[in-house]
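J.: Sequence and predicted structure below; questions after.
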Amino acid sequence: MQKTFGSLLLGALFLASCVPGARAQTVTYDIHFTNSIPKDGPSPSSGSFVYNYATGSFVKFTVVWDGLTFDLTSTANNPEVTSGAPACIGTATGAAATLALMTQCDTANPATTTTYWYGINPNFPERVLRNAAFTFITFPAPLPSSGEAEMSTVVPGTGTGHVAQGPFTVSEVPIFPHYLGGAAGQIIHIVAGPVMVPPGVPVEANLGFVDINGNSVGPSSTVTLNAGETASLDLIVDTLVGQSGQRVEVRPVVEVAGAGAAAGAVALTPPTVELPEVTEIFDRLTGDGTVLVPGEIAYPPNPQFAFQGLAARQTMRLIVAAVPPNFCVGTLGFVNKDGSPVGPSLQVNLAPGQAALLDLNSATLGLQPGQRMELQPMVRGTPATAARPAVSSACLANAEVFDNATGRSATYQTGASALPNRAVTKPAN
């Protein structure tokens, strides 16, 4: 398997806003499948797992193949490992062996290791024998060889008779930061850490900020952190704005530039680095905080927002960004409680790393002092038509309402993948 496990950690603009403790110990990975025998069965439509490095266990591990969902969480925490397993497994057992199988066993060198996924959905005459199975396996090469590491699970099959297998790669799902707006008299504050890394492993991290055009602004720093250590960086907004009422939008950047290898860490080389980060905006004189922003690991094509109030002398701003390596394609706008469009709209086709914003000033709506309107920010993807399929898109989005006079944020929300559905049960008469 190609060792893509550390690649996104070392990419620009990778790690981002996360309240310490909220998910600092867990990492989400996507699995990318290649089908060596597509004529016999389909490729998996999706696969991912969540690993908790603090507990050394899998929180979730699922694969969707042939219309069936395979929950491999239990078997991932207790794989079958026999003597003579490949060097990529080493002496690891349990969940650590599975993590090594998924991230370190390299099919790019088939002379020493064979690693692949395998699915079967049999069509036997007896329905009791129609359990479908999905497996990940690695063993030394060339054959004949002894020893292997394997995890597998079964679910009731659908009798399609499909069989498929092939190599796979994994990539870490990035936590990406939202944009934050700051005004005169405020500080935008990054706290990166405490870094979670094996003892004795130094981590080099870059901290900084970029504006809406992706240009570096304000201060930056490069720090070396050891396990449990923390770094911070402040952007004094007055250095970027000339007067009260002006406002700047920035996105925090926390990059892991490099990390040493832990001694004897065969199964987890290169070392895994977790660097949680939280960004806050606070008043420079009083220290009062106004906005605290978590990052996201889900970037839907159509982010969902709740209704947000807009009063006289305020502006509602909608910001979207394309999270690398994805594009963000769609239409930005606002609707009222009746679902009718209100104010301007903007079509975007953002390349990875680009961002755009749309403003709705209450003055254009004729709102008078004391008046208020509830509006819902909208990001609509490009739908499929008879001529073409829907455009693939993934958008990171946030909406904020700020004071026109001071430029300071009043309310702030991020676009979730889905709003909560609270069912109301009507009592019986």
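T.: That came through, no problem.
J.: I'd like to know how many residues surround the residue nearest to C395 when sequence neighbours are not counted.
T.: Closest residue in space to C395, ignoring its immediate chain neighbours: C328 at 3.9 Å, by C-beta to C-beta, 6 or more residues apart in numbering. Using the backbone N, CA and C atoms, a C-beta is placed for each residue, glycine as well. C328 has 27 neighbours, counted by other C-beta atoms under 10 Å.
J.: got the contact list for C328?
T.: Counting by C-beta atoms under 8 Å, 6 or more residues apart in numbering, C328 touches 320-322, 348-350, 354, 393-396.
J.: Quick check: the gap between it and F305.
T.: C328 sits at a distance of 15 Å from F305 (criterion: C-beta to C-beta, to the nearest Å).
J.: max-length helix in this protein?
T.: Using DSSP state H to define each element, the chain has its longest helix at helix 94-103.
J.: Show me which positions of that one end up buried.
T.: Buried residues in helix 94-103, counted by 16 or more other C-beta atoms under 10 Å: 95-103.
J.: Stretch 398-407 too?
T.: Within stretch 398-407, the residues that qualify as buried by neighbour count (16+ other C-beta under 10 Å) are 398-403, 406-407.
J.: Alpha carbons of it, as CSV, please.
T.: Output in CSV follows, covering the C-alpha atoms of stretch 398-407 (Å, rounded to 0.1, in the frame of the first residue of the first chain):
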residue,chain,number,x,y,z
ASN,A,398,-19.3,30.1,7.8
ALA,A,399,-21.7,33.0,8.3
GLU,A,400,-21.2,36.0,10.6
VAL,A,401,-23.2,39.1,11.5
PHE,A,402,-21.1,42.2,12.4
ASP,A,403,-21.7,45.8,13.4
ASN,A,404,-21.3,48.3,10.5
ALA,A,405,-19.8,51.0,12.7
THR,A,406,-17.2,49.0,14.6
GLY,A,407,-16.7,46.0,12.4
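J.: Which parts of the stretch 301-429 of the chain are strands?
T.: 308-311, 314-322, 328-335, 346-350, 355-361, 372-380, 395-403, 409-414 (DSSP state E, counting those that start in this stretch).
J.: Same list (these) but as a markdown table, adding distance to G185 and mean pLDDT.
T.: As requested, the strands of the stretch 301-429 of the chain are exported to a markdown table (distance: least, C-beta to C-beta, whole Å; pLDDT from 0 to 100):
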| stretch | distance to G185 | mean pLDDT |
| --- | --- | --- |
| strand 308-311 | 21 | 96 |
| strand 314-322 | 18 | 95 |
| strand 328-335 | 28 | 94 |
| strand 346-350 | 30 | 94 |
| strand 355-361 | 21 | 96 |
| strand 372-380 | 25 | 95 |
| strand 395-403 | 12 | 94 |
| strand 409-414 | 13 | 93 |
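J.: got the ones you listed as JSON lines, with distance to E249 columns?
T.: Shown next, in JSON lines, are the strands of the stretch 301-429 of the chain (distance: least, C-beta to C-beta, whole Å):
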{"stretch": "strand 308-311", "distance to E249": "17"}
{"stretch": "strand 314-322", "distance to E249": "7"}
{"stretch": "strand 328-335", "distance to E249": "15"}
{"stretch": "strand 346-350", "distance to E249": "15"}
{"stretch": "strand 355-361", "distance to E249": "7"}
{"stretch": "strand 372-380", "distance to E249": "15"}
{"stretch": "strand 395-403", "distance to E249": "9"}
{"stretch": "strand 409-414", "distance to E249": "11"}
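J.: Nearest to G200, out of those strands?
T.: Closest to G200 of the strands of the stretch 301-429 of the chain, according to C-beta to C-beta: strand 395-403, at 35.2 Å.
J.: domains of the protein?
T.: 12-23+175-297, 26-172, 298-419 (automatic domain parsing).
J.: Can you give me the end-to-end span of the second one?
T.: Taking C-alpha to C-alpha, to the nearest Å, domain 26-172 runs 11 Å from one end to the other.
J.: ditto for stretch 346-358
T.: OK, stretch 346-358 end separation, C-alpha to C-alpha: 7 Å.
J.: Please compute how far that stretch lies from its chain's middle.
T.: Centre-to-centre, stretch 346-358 and its host chain are 19 Å apart (C-alpha atoms, centre = their mean, to the nearest Å).
J.: Kindly report the same for stretch 300-308.
T.: Distance of stretch 300-308 from its chain centroid, counting by C-alpha atoms, centre = their mean, is 17 Å.
J.: buried ones in the longest strand along the chain?
T.: Ranked by number of residues, the top strand in the chain under DSSP state E is strand 247-259. Going by neighbour count (16+ other C-beta under 10 Å), the buried part of strand 247-259 is 247-256, 259.
J.: and which of those is nearest to N215?
T.: Using C-beta to C-beta, V250 is the member of those that sits closest to N215, with 10.1 Å.
J.: Who are the contact partners of that closest one?
T.: The contact partners of V250, taken as C-beta under 8 Å, 6+ apart, are 179-180, 182, 188, 209-211, 217-218, 235.
J.: Distance of it relative to G258?
T.: Plainly put, V250 is 25 Å away from G258 if you go by C-beta to C-beta.
J.: Over to G67?
T.: Distance from G67 to G258, by C-beta to C-beta: 43 Å.
J.: again with A397
T.: To G258, A397 is 31 Å away according to C-beta to C-beta.
J.: Quick one: distance of stretch 291-303 to the chain centre.
T.: Remark: stretch 291-303 is offset 8 Å from the chain centroid, using C-alpha atoms, centre = their mean.
J.: For it, which residues meet the burial criterion?
T.: Using 16+ other C-beta under 10 Å as the test for burial, stretch 291-303 gives 291, 293-297, 299-303.
J.: ok so, going back, could you give the angle of the helix or strand following the longest helix of the chain to helix 94-103?
T.: Sequence-wise, the next helix or strand downstream of helix 94-103 (DSSP states H and E) is strand 113-121. Per axes from the mean of the first three to the mean of the last three C-alpha atoms, to 10 degrees, the angle that strand 113-121 makes with helix 94-103 is 100 degrees.
J.: before we move on, back to that, of the domains of the chain, which shows the lowest average pLDDT?
T.: Mean pLDDT values for these show the minimum at domain 12-23+175-297, a mean of 79.
J.: Now the nearest residue to P324 once chain neighbours are set aside. Its backbone dihedrals?
T.: Among residues not flanking P324 along the chain, P352 sits closest, at 3.9 Å (C-beta to C-beta, 6+ apart). Per-residue torsions, P352: phi -50, psi 130 (degrees, to the nearest 10).
J.: Give me the neighbour count for P352.
T.: So P352, with other C-beta under 10 Å, has 14 neighbours.
J.: rewinding a little: just give me the closest of the buried residues of strand 247-259 to F33.
T.: V256 (27.0 Å).
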